[in-house]
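Participant: only geometry, no sequence info:
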DNA sequence: CATAACGGGCGC
DNA sequence: ATAGGCGCCCGTTATG
């Protein structure tokens, strides 16, 4: 039986209403007579977010099964998406209670709650007989500088036992004092002899550090390992929920063990310290149980790729210690400078805003005041102002070419530059000082990119996170970052890292020769291409780039990014045909490079992935194996072929990524290996810290009375930690007290000597 | 009021 | 037939 809802009115009986009112009433009636099935069709056809879509389907399933009925308060009203989502909350709550009861009732017999310190001692003694164990901490929250551990889970695989140790401040009198338990655990956690497996080790290492435990013996992290095994795991695919590197999602998917996250079981704002111990046991012990099983699964798979396994264990795992130090060290900001600079920007922004509003309001067709930041309002107004229809407001392609002709566009670009600078950096960063450490902390995510680079930014799972992206700070914002008292910052980059990487991977003689002879690679490419003498294609008399060198830089990027002739033409400002001819001729003069790129394309089409250097890491590009769909000539813009267009676009995208991923990923390996060496050298010396890593650059914090020998150590780290075959590494080293305001090492020492003699 | 998509822009 | 790789974050806009 379909429930049918009707309202007791008809259009005819409404008295004294206007036509509009009649119509509205009729519409209301149509909507009200909608069947529930129709309502579902309507709701599911809406533009729902992925999370909403999942919730809605779940509610529909429960309703169809008769598990849940309509909201009493909404009786008589049309069934809405809002009501469906309210029902989801009700459903989730009752399911949650049922799930918890089921979990406790089905607690495995080898899960054990430890509430006696002697039992903890016995378990630790047993753990010393294991080669490797799984460990997890439960805490009061997610702030690694404030929150504390309220429980520790241990899995002892040979004993086949899973323990949960609740500690104070867990709100149960059986919970043991924190210090007692952690003192017993300390030798185990600090032992190199017993390996440890974690899921998201960074977090647990930091929590232990907060309690004075310096964790050693890290053997595996099931989160970063999963990313090495499948970097596409949480690719934002439509209709699929992201965030699948969570332990519970991985267990559900790979272990066939349906598992709920903490929030799903206890609600968003629940505190682990308040969870009853019978539930805490089954939840906590299951964490390490699942982590261990996931480790076994992952190890078996990775062992089939020995080069990847070796890389994971010797680079990605030890790197986690480095990341912990990097994040905890944090940054010092010059707040006085930020405040002064912020005011300056504000004044400039206000002036520009006034000018733009005055000029553009004339063309703004609305009673509401105009908003310059709204592209929707800005584009028509600006188009009318300059008397030319603008297709978009893209700075590089559309606005910059017009800036010299129209003052308004020049001012607009300046306004956008200033508001971006203050809004994202100068005004925002000062608010992110950590209240306890008094420093600014960034996150370095080793699984933030598909190629193996780090990403940096906020922790998406932690809404309170005050972290920020340290890798995209513009030059002007870097001036806020200063060396801590008594220290200097030393920046060391990999000179032409990606070009050296390509020289090595492609074995292109023209490139290799440039680095052996210590010449400029772009100029050497130009020599190879034009036959002109080196001096004529390198620098101009005033030290700027020659036309040929500029052109080669652009062509280089095009080659690396897989740009088409069309795009290269745009970059060089020449017709497509000319760009294509140029590219063809370039490949002819660099045959090894050309065939290397072609080889990458063939390889990815055949295998659906590419290798990074020495097969240490894969970039999986399954779309490259797809077959192109046929679109008849002239039908390209036909909406009928939209899907085919999209399909073919993905193939092109995957092929473009093949070469780029090899270069970017291999360079990232070099940077990561070098970071481990850098960290080792820092830990041998007082006051030395790795300060940041920005893709092809490492920054150090060292005492300001450093010597030339100290710089030689940093130079050695950069040049000799990871080689690209016979292609040597290069580095430029700078000393600074303010980030970005550097000077060469020799200048630093020269200044110092002058001061000493004065 | 929360969430997500999008245009735009900073870094390498 | 199609148009530059990898990120993160801001403000606006759409949506219910």
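Facilitator: Yep, that arrived. Keep in mind it's a predicted model, so treat the numbers as computed, not measured. Numbers count the residues shown, from 1 in each chain, chains lettered A, B, ... in the order given.

Participant: Number of residues surrounding the residue in the stretch 1-150 of chain A positioned nearest to DNA strand C?
Facilitator: Shortest the stretch 1-150 of chain A-to-DNA strand C distance, computed as Cβ to the nearest atom of the strand: residue-wise this is residue A:81, at 3.6 Å. To be clear about C-beta, it is placed using only N, CA and C from the backbone, and glycine gets the same treatment. Counted by other Cβ atoms under 10 Å, the residues lying close to residue A:81 total 16.

Participant: residue contacts, the closest residue to it other than its chain neighbours?
Facilitator: In this structure, residue A:81 finds its nearest non-sequential neighbour in residue A:43, 4.8 Å apart by Cβ to Cβ, 6 or more residues apart in numbering. Taking Cβ atoms under 8 Å, 6 or more residues apart in numbering as the definition of contact, the neighbours of residue A:43 are A:56, A:79-81, A:84.

Participant: Can you select the buried ones from those residues in ChimeraX?
Facilitator: Here is the ChimeraX command that selects the buried residues among the contacts of residue A:43 (16 or more other Cβ atoms under 10 Å):
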select /A:56,79,81,84
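
Participant: want to throw the contacts of residue A:43 into a markdown table with secondary structure and distance to DNA strand B?
Facilitator: Rendered in a markdown table, the data for the contacts of residue A:43 read as follows (DSSP: H, G, I helix; E, B strand; the rest coil; distance: Cβ to the nearest atom of the strand, whole Å):
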| residue | secondary structure | distance to DNA strand B |
| --- | --- | --- |
| A:56 | helix | 13 |
| A:79 | coil | 20 |
| A:80 | coil | 15 |
| A:81 | helix | 12 |
| A:84 | helix | 15 |
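
Participant: what separates the residue nearest to residue A:81 from residue A:65, distance-wise?
Facilitator: 18 Å (Cβ to Cβ, to the nearest Å).

Participant: ok, now residue A:364?
Facilitator: Using Cβ to Cβ, one obtains 54 Å as the distance from residue A:364 to residue A:65.

Participant: and the residue in the stretch 501-650 of chain A that DNA strand B sits nearest to, which of the three is it?
Facilitator: For the stretch 501-650 of chain A, the residue positioned closest to DNA strand B under Cβ to the nearest atom of the strand is residue A:557, at a distance of 9.5 Å. Using DSSP: H, G, I helix; E, B strand; the rest coil as the criterion, the local structure at residue A:557 reads helix.

Participant: just for chain A, where's the confidence low?
Facilitator: By pLDDT under 70, the weakly predicted segments of chain A are A:1-33, A:47-51, A:74-75, A:234-243.

Participant: what do you get if the cut-off is 50, keeping everything else the same?
Facilitator: Chain A contains residues with pLDDT under 50 at A:1-30, A:235-242.

Participant: Give me the residue at the spatial middle of it.
Facilitator: Ranked by distance to the mean C-alpha position of chain A (Cα atoms, centre = their mean), the top residue is residue A:448 at 3.5 Å.

Participant: show me the contacts for the residue lying closest to residue A:391 once chain neighbours are set aside.
Facilitator: The shortest distance from residue A:391 to any non-neighbouring residue, by Cβ to Cβ, 6+ apart, is to residue A:398 (6.6 Å). With contacts taken as Cβ under 8 Å, 6+ apart, residue A:398 has the following neighbours: A:390-392.

Participant: which one among the residues you listed gets closest to residue A:69?
Facilitator: Using Cβ to Cβ, residue A:392 is the member of the contacts of residue A:398 that lies nearest residue A:69, at 49.9 Å.

Participant: which SS class is the closest one?
Facilitator: Residue A:392, by the three-state scheme (three-state DSSP), is coil.

Participant: wait, isn't it in contact with residue A:379?
Facilitator: Yes: look at residue A:392 against residue A:379 with Cβ atoms under 8 Å: they come within range, at 7.3 Å.

Participant: More neighbours: these two, which one.
Facilitator: For residue A:392 versus residue A:379, the count of surrounding residues by other Cβ under 10 Å is larger for residue A:379: 16 against 10.

Participant: which other helices and strands contact the host helix or strand of that one?
Facilitator: Using DSSP states H and E, residue A:379 sits in helix A:375-386. When contacts are defined as 3 or more Cβ pairs under 8 Å, 6 or more residues apart in numbering; DSSP states H and E, helix A:375-386 sits against helix A:335-361, helix A:407-420.

Participant: and of these, who's closest to DNA strand B?
Facilitator: Across the helices and strands packed on helix A:375-386, the minimum distance to DNA strand B, taken as Cβ to the nearest atom of the strand, is reached by helix A:407-420, at 4.3 Å.

Participant: which residues in the stretch 401-550 of chain A form strands?
Facilitator: For the stretch 401-550 of chain A, strands defined by DSSP state E, counting those that start in this stretch occupy the ranges A:444-445, A:455-456, A:481-482, A:487-494.

Participant: Take those strands and write them to CSV, including mean neighbour count.
Facilitator: Compiled in CSV, the strands of the stretch 401-550 of chain A are given as follows (neighbours: other Cβ atoms under 10 Å):
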stretch, mean neighbour count
strand A:444-445, 20
strand A:455-456, 18
strand A:481-482, 20
strand A:487-494, 22
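
Participant: just to revisit the earlier point, let me know the secondary structure of the residue nearest to residue A:391.
Facilitator: Under three-state DSSP, the three-state class of residue A:398 is helix.

Participant: As a check, name the ranges of all helices in the stretch 451-600 of chain A.
Facilitator: Ranges of helices in the stretch 451-600 of chain A, per DSSP state H, counting those that start in this stretch, are A:475-478, A:497-506, A:509-516, A:521-530, A:534-537, A:547-561, A:565-572, A:576-589, A:591-607.

Participant: Please render those helices as CSV that adds mean neighbour count to the earlier fields.
Facilitator: Below are those laid out as CSV (neighbours: other Cβ under 10 Å):
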stretch, mean neighbour count
helix A:475-478, 15
helix A:497-506, 22
helix A:509-516, 19
helix A:521-530, 22
helix A:534-537, 16
helix A:547-561, 18
helix A:565-572, 16
helix A:576-589, 15
helix A:591-607, 17
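
Participant: quick one on the thing from earlier: how near is the residue nearest to residue A:391 to DNA strand C?
Facilitator: Using Cβ to the nearest atom of the strand, to the nearest Å, we find residue A:398 at a distance of 13 Å from DNA strand C.

Participant: Tell me which residues touch the residue nearest to residue A:571 when sequence neighbours are not counted, please.
Facilitator: By the measure of Cβ to Cβ, 6+ apart, the closest residue to residue A:571 outside its immediate chain neighbours is residue A:554, 5.1 Å from it. Counting by Cβ under 8 Å, 6+ apart, residue A:554 makes contact with A:568, A:571-572.
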